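# one predicted model, sequence on top.
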Amino acid sequence: MARKLVNEFSWSKSRHEKLSECLRAYYFHYYASWGGWERDAAPRVRQLYLLKKLTNRHAWAGTVVHDAIRDALLDVRAGRPLDEARILSRAHALMRADFKHSRAKGYWREKTRKEFTGLVEHEYDEPVPAESWKGAWTTVEQALGWFFRSRWVELARSLKPEQWLEVDAGFESGIFFLDGVKVFAVPDFAYLDADGHPVVVDWKTGQVRDGYDEQVLGYALYLSHRYRLPVEQVEARLVYVNSGEEVPVRVDPAALAAFRAHFTRSVERMRGLLADVTANEAGPEEQFPPTNELRTCARCNFRRLCGRESAAPQVA
Ligand code: SF4
């Protein structure tokens, strides 16, 4: 008999961001949509579940890049030859198939692959110009082109088997516990350098921007817990694969203390919203008010359910 999934409380950077943006969206995403994958799910629960699984074209391009780099690194790790043309053509074919499926809103009928459901732009018939859709592929092509010529391929080739730690292992294994709370942290790439120091790398598509340090500190803590390494020894880097810029992230006692304080406040706030903390059960929907910030609604997957479809996004 299949094991019944339990909606366990957990923490992640994206969960905190959802909480900060809109309580109603947080409720929809983490509570009201739970079980929407079941055949006998109530129509509203199924709708919420499918809507929450939609992505947008920018995040979609980023995911395709991450997956392709992960596959390339796994090829290197296994000693297989790297075939740039094959990886690029596979990514392009994948995006074409995803686009077709999404444009037809096929996600309401079937799922074609685990990592992709559909695009929010199609769900809400947003008037995205053709150049903007092409831009999603350009981002992928440019990022992968840069990666294959970057120092990272040679660096990966130089690693001995015992130096490899992680290559985007997925949410099933990217877990550690902090103060008894399950935390999700899935590093893109982690290895031991020649001196035995752990290095964690996070690939980023798009422009250099602030706000990622917290995510990478989470990765450093994950590595420290999983491999029993001193966290202060972890070297963390953000690598922007479209511009080629690399930004080191400080992993020192002050940064870690700030992360812990932020984590504790965030968890307290999340738990304070629960009717039953032990069972991770939320109270009624009314206790999670919609935001008044219409710019947030304009890019929200749930806008139909809030009657905010007219808060149309600015298409660029
Ligand atoms: S549409 Fe607006 S109010 Fe409704 S869940 Fe989304 S962000 Fe919140």
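Yep, that arrived. None of the values given here were measured: they were computed from a predicted structure. Residues are numbered from 1 along each chain as shown.
# shouldn't residue 218 be within a strand?
No. Counting by DSSP: H, G, I helix; E, B strand; the rest coil, residue 218 falls outside a strand, being helix.
# who touches the closest residue to it other than its chain neighbours in this structure?
Among residues not flanking residue 218 along the chain, residue 185 sits closest, at 4.3 Å (CB to CB, 6 or more residues apart in numbering). In this view, the C-beta of every residue, glycine as well, is placed from N, C-alpha and C. Applying CB atoms under 8 Å, 6 or more residues apart in numbering, we find residue 185 in contact with 12, 174-176, 215, 218-219, 221-222.
# ok, residue 182 next?
Here residue 182 is in contact with 8-11, 175-176 (criterion: CB under 8 Å, 6+ apart).
# go on, residue 166?
187, 189-190, 200, 223.
# for residue 91, same thing?
64-65, 67-68, 140, 144.
# picking up where we left off before, max pairwise distance over the contacts of residue 166: which two?
Farthest apart among the contacts of residue 166 by CB to CB are 189 and 223. That separation is 11.2 Å.
# mind listing the shared neighbours of these two?
Common neighbours of residue 189 and residue 223 (CB under 8 Å, 6+ apart) are 166, 200.
# which one's more surrounded, these two?
residue 223 (25 against 22; other CB atoms under 10 Å).
# which SSE is the more buried one in?
For residue 223, the host element (DSSP states H and E) is helix 213-227.
# cool, and residue 16?
helix 13-21.
# counting neighbours, which bits of that helix end up buried?
13, 15-16, 18-19, 21 (16 or more other CB atoms under 10 Å).
# OK, contacts around residue 197?
233-235.
# do residue 238 as well
202, 204, 212, 216, 246-249.
# again, only using 7 Å
Counting by CB atoms under 7 Å, 6 or more residues apart in numbering, residue 238 touches 202, 204, 212, 216, 247, 249.
# check residue 234 too.
198, 200, 220, 223-224, 251.
# identify all contacting residues around the helix holding residue 16.
Identification of contacts with helix 13-21 by CB under 7 Å, 6+ apart yields 25-26, 29-30, 214-215, 218, 266, 269-270, 291, 296.
# touching, residue 74 and residue 169? I think so.
No. Taking CB atoms under 7 Å as the definition, residue 74 is not a contact partner of residue 169, at 10.4 Å.
# surely residue 247 is within a strand?
Yes. Residue 247 forms part of a strand when assessed by three-state DSSP.
# where do the helices sit along this protein?
Counting by DSSP state H, the chain has helices at residues 13-21, 23-27, 43-53, 57-77, 84-103, 120-123, 130-149, 151-158, 213-227, 253-272, 294-298.
# just send those back as JSON lines, with mean pLDDT and distance to the ligand too.
Listed next are those as JSON lines, based on pLDDT from 0 to 100; distance: least, CB to the nearest ligand atom, whole Å:
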{"stretch": "helix 13-21", "mean pLDDT": "94", "distance to the ligand": "6"}
{"stretch": "helix 23-27", "mean pLDDT": "98", "distance to the ligand": "4"}
{"stretch": "helix 43-53", "mean pLDDT": "97", "distance to the ligand": "10"}
{"stretch": "helix 57-77", "mean pLDDT": "96", "distance to the ligand": "16"}
{"stretch": "helix 84-103", "mean pLDDT": "96", "distance to the ligand": "20"}
{"stretch": "helix 120-123", "mean pLDDT": "97", "distance to the ligand": "11"}
{"stretch": "helix 130-149", "mean pLDDT": "96", "distance to the ligand": "22"}
{"stretch": "helix 151-158", "mean pLDDT": "97", "distance to the ligand": "37"}
{"stretch": "helix 213-227", "mean pLDDT": "91", "distance to the ligand": "22"}
{"stretch": "helix 253-272", "mean pLDDT": "95", "distance to the ligand": "16"}
{"stretch": "helix 294-298", "mean pLDDT": "94", "distance to the ligand": "3"}
